[in-house]
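Undergrad: I would like the atomic coordinates for the input below:
(4 chains)
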Protein chains: 2
Amino acid sequence: MVATIYDVARAAGVSPSTVSRSLSVPDLVNAETRLRVQQIAAELGYRPNRAARGLITGRTGNIGLIVTDLSNPFFPEVVKGVQGRARESDYSVLLADTGEDPTVEVGLIRALCKQVDGIVLCSSRMSETDLRGVTGDTLTVLLNRRVSKVPAVTIDNADGIRQAVAHLQALGHHRVGYVAGPRTSWSNRERLRGLRAATTPAGLDLVEVGAVAPTFAGGVAAADLVLSAGVTAVIAYNDLIALGLLNRFRAKNVSVPGDISVIGVDDIMFSEMVSPSLTTLAQPKEQLGRVGVDLLLQLLQDADPSGAARRTVTSQLVIRSSTGTAPPAR
Amino acid sequence: MVATIYDVARAAGVSPSTVSRSLSVPDLVNAETRLRVQQIAAELGYRPNRAARGLITGRTGNIGLIVTDLSNPFFPEVVKGVQGRARESDYSVLLADTGEDPTVEVGLIRALCKQVDGIVLCSSRMSETDLRGVTGDTLTVLLNRRVSKVPAVTIDNADGIRQAVAHLQALGHHRVGYVAGPRTSWSNRERLRGLRAATTPAGLDLVEVGAVAPTFAGGVAAADLVLSAGVTAVIAYNDLIALGLLNRFRAKNVSVPGDISVIGVDDIMFSEMVSPSLTTLAQPKEQLGRVGVDLLLQLLQDADPSGAARRTVTSQLVIRSSTGTAPPAR
DNA sequence: TTGAAAGCGGTACCAG
DNA sequence: CTGGTACCGCTTTCAA
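TA: Residues are numbered from 1 along each chain as shown, chains lettered A, B, ... in the order given. Below is the predicted model:
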C-alpha cells in the first residue's frame, strides 16, 4: 500500500496532526519540524488521500464538467480551458458528454453532484424547470446560458453579430439568411435576437431558415432551403452548419462568396482549413471555460453572495474569405 | 445537507448497516425490510457518498483518462468512448489533457493516481522509463502504445496500411512519401514499420519526410518538403497533417489528386468535409476508448493475471476521393 | 437476518 | 507549537 499520514508521522517522530498541519497549514508549525516532515513525506512519496480529506472538509477537490457534444470542436476547447484552470488550483475535472440529450443531462448531474464541489454546465439543453431543479443540489455555473438566479458565464454575441451584419451591409447585401440551431439552445435564441436587433434598423431583410441540428449534416440539410430563400448572404448558428452549407454549395456549383456569402460562428480550427476559408464570429472558447471555473471557485469560497454572479466574455468577428463577400450582381 | 445513510436508517427504523446492505448487497437482507429501506432511500433522495465508500472499499469508482491533445478531433472521440463505457458500469471519468508535453503527463498521472481505480493513458509521449515508473503505482491501460508488461489496447494499423499501399500501387504509383509524426509516438513508429513492410516487397520507393507536429500547421510545414521529394503520393501520419498538406498544395496550385495523391490516418470528421474529400485510414476511435475501459474494468476485477493483457482493434481504409488517385503522367 | 462497533485516511478542535 | 481525540459517511466483521 502507499504511504499514509501515519507512516509519515511515525517516520518523523511526530503526531499525525502535525504531519497534516505541516502539509496543509504550514504556518502553524515550527519551521524545523515542518521541514523535516515535508522531507520525509517526499521521501516516502506520500500523497494525501483526497477522498479521506473530502470526507471531513466537505470538499472533494473535483469539479464536474458537462458538455453537449464533444464531437463539436467547440467543446474540446472549452474543456481545455476548464481543465487548465482547474489544475492551476489543484482541482480535477470529471467530464461527461450528454450527446445533446437533456434526459442524459439530468441523470449525469444527479450522478455527479455528490462527488464534486461544483458543476460547470456548458450549453445546457435542459428545460428551465429541470435546470432549476438540479442547480439547487450543487453549486452550478452555467456556460452559454442564462437563467435567473443561477451563476453564469456567457459570451456577448451582440457586438460580434453587429459587426457581421455591418460587414455584410458594407458589402452591399440586403437580404440575409440565418440558419438556426437547436431551439433549446440559449445561444441560438440570443444570436437570433442579436440579428434582429442589427438588421431591422439597418433596413436589411432577415430570413430564418431551420432549425437544424448543430452539425455538418445539419448544414448540408439546410443548404437548399437557404438557396431557395433568395438571400445573398447567410449566417449560420455555428461553424459546423456553415461548413455543411459550404460543402453542399460546392456540390451544387454554387460559388462562395461569388453567389452567396457565408458566415459561421465559433471559429473552430477547421473554419480556416477550408478553401475559401470561412468568415466566422470567433468565440473565446478556452477563455469561456477558464472564466467558468474562476467563477465557480470564487463562489465556492465566498459562499455565494447574492446568487446571481455573472461574467461575460466577448466574441469577435474574424474575416477570412480572401476573396471578399460582395453579393452577386443580379 | 443531503441525506446520509443514518437519515435513511432512522426513517426506516433500522440500523445503518441494514441500509448499507439493502443498497449494496440486497440478497443479504429480508425482502420486506429491503423494500422499505429502498423506498425510503428513494424518497429522501439518498445518494451514497462515494468518497466515504471508497475510503473503506479502496475503490473510488473513478477512472482517469489522460489524452495528448483534445484539439485533435481524434481524442474527443476516444473520450466519448471511454466516458460512455465508464458510465455503463457506473464509473466516472477524470479527464486531463497534456498538451503533448510528457512532463505534464507525469505530473498528471501522479496527481490522478490516488483518486482513481485505474488510468487510461492515451497516446502517451512519455519515455518508456518514466512510463514504467508510473504504471507501477496504479493500474494503467495504454491506448495506442505498447510496452512490455503493461496492459494495452492498440489499433492494428498494419492491414490498413497494406490496403493503402496496395491502393496506391494499383493506381500506378511507384514512389510514396510518408510525413512522419512525433518521434515519441508509438503509432508513428508503428505506421512507419507497416509502410516499410508493405512497400519493400511491392518494389515501391518509400521516402520519409518530417517528423512534424501532428497538427494542421505541421502539415502545412511539410508540404514543400513533400513536393521536393519527387513522390506522386503521400501518406500522412494523421488527418490533421494531411489537411495541412492539402491546404498548402491548393495554395500552390498543386492539384490533388491530379499532381499528387494524399492519404491520411484517423478519419476525423473533417476529412470528409474538404473537397475533394480525404482518403484516409479510419481508426475506430470511440471503440478504442470503450475497449480500453473494458480491459481496465476487467483487470480491476481479476486482479491482473499475468500482467500483460492485450487487446487489438483494427483500422480500415476509407477511400473517399471521388476523382481517383492515379499518378500524373510524366 | 439484523445490530453494534471498528475503522478507512484525513482534519479540526481542544488541551497542554 | 504540538499531541490527543472525535468524527466525516460508509462498509464490514462479529455476535446476537
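Undergrad: Tell me how far the residue of chain A most remote from its centre lies from DNA strand D.
TA: Distance from the centre of chain A peaks at A:Gly13, with 49.1 Å (C-alpha atoms, centre = their mean). Look at A:Gly13 and DNA strand D: by C-beta to the nearest atom of the strand, to the nearest Å, they are 7 Å apart. Quick note: C-beta positions are derived from backbone N, CA and C, even for glycine.
Undergrad: ok, now A:Arg36?
TA: Between A:Arg36 and DNA strand D the computed distance is 9 Å (C-beta to the nearest atom of the strand).
Undergrad: before we move on, the earlier item: list the contacts of the residue farthest from the centre of chain A.
TA: Contact analysis of A:Gly13 by C-beta atoms under 8 Å, 6 or more residues apart in numbering or on different chains lists nothing.
Undergrad: same question, the one 3 residues further on
TA: Remark: with contacts taken as C-beta under 8 Å, 6+ apart, A:Pro16 is in contact with A:Ile5, A:Tyr6, A:Ala9.
Undergrad: Taking these, please make a ChimeraX selection of just the buried ones.
TA: Entered in ChimeraX, the line below selects the buried ones among the contacts of A:Pro16, by 16 or more other C-beta atoms under 10 Å in any protein chain shown:
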select /A:5,9
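Undergrad: Pick the one among the contacts of A:Pro16 closest to DNA strand C.
TA: A:Ile5 (3.2 Å; C-beta to the nearest atom of the strand).
Undergrad: any idea how far that closest one is from A:Ser15?
TA: From A:Ile5 over to A:Ser15 the distance is 10 Å, taken as C-beta to C-beta, to the nearest Å.
Undergrad: Over to A:Ser124?
TA: To A:Ser15, A:Ser124 is 47 Å away according to C-beta to C-beta.
Undergrad: Contacts only, for A:Leu65.
TA: Contacts of A:Leu65 (C-beta under 8 Å, 6+ apart): A:Val79, A:Val82, A:Gln83, A:Val93, A:Leu94, A:Leu95, A:Ala96, A:Ile119, A:Val120, A:Cys122, B:Leu95.
Undergrad: Secondary structure element for the residue of the stretch 51-200 of chain A found nearest DNA strand C, which one?
TA: Distances between the stretch 51-200 of chain A and DNA strand C by C-beta to the nearest atom of the strand are smallest at A:Ala52, namely 3.2 Å. Assigned by DSSP states H and E, A:Ala52 belongs to helix A:50-57.
Undergrad: quick one: is that helix near chain B?
TA: Yes. Using C-beta under 8 Å from any C-beta of the partner chain, helix A:50-57 reaches chain B at A:Arg50, A:Ala51, A:Ala52, A:Gly54, A:Leu55.
Undergrad: What is the most widely separated pair among the residues you listed?
TA: A:Arg50 and A:Leu55 (9.6 Å; C-beta to C-beta).
Undergrad: neighbour count winner among those two?
TA: Neighbours per residue (other C-beta atoms under 10 Å in any protein chain shown) separate A:Arg50 from A:Leu55, with A:Arg50 holding more: 21 against 16.
Undergrad: For the more buried one, list the residues it contacts.
TA: A:Thr60, A:Gly61, B:Ala51, B:Lys114, B:Gln115.
Undergrad: is it true that the last one touches B:Arg59?
TA: No. B:Gln115 is not in contact with B:Arg59 according to C-beta atoms under 8 Å; the separation is 11.3 Å.
Undergrad: So those two - more neighbours on which side?
TA: The neighbour comparison of B:Gln115 against B:Arg59 (other C-beta under 10 Å) goes to B:Gln115, with 23 against 14.
Undergrad: if I look at A:Ala9, how far off is A:Ala3?
TA: Distance of A:Ala9 to A:Ala3, given as C-beta to C-beta: 10 Å.
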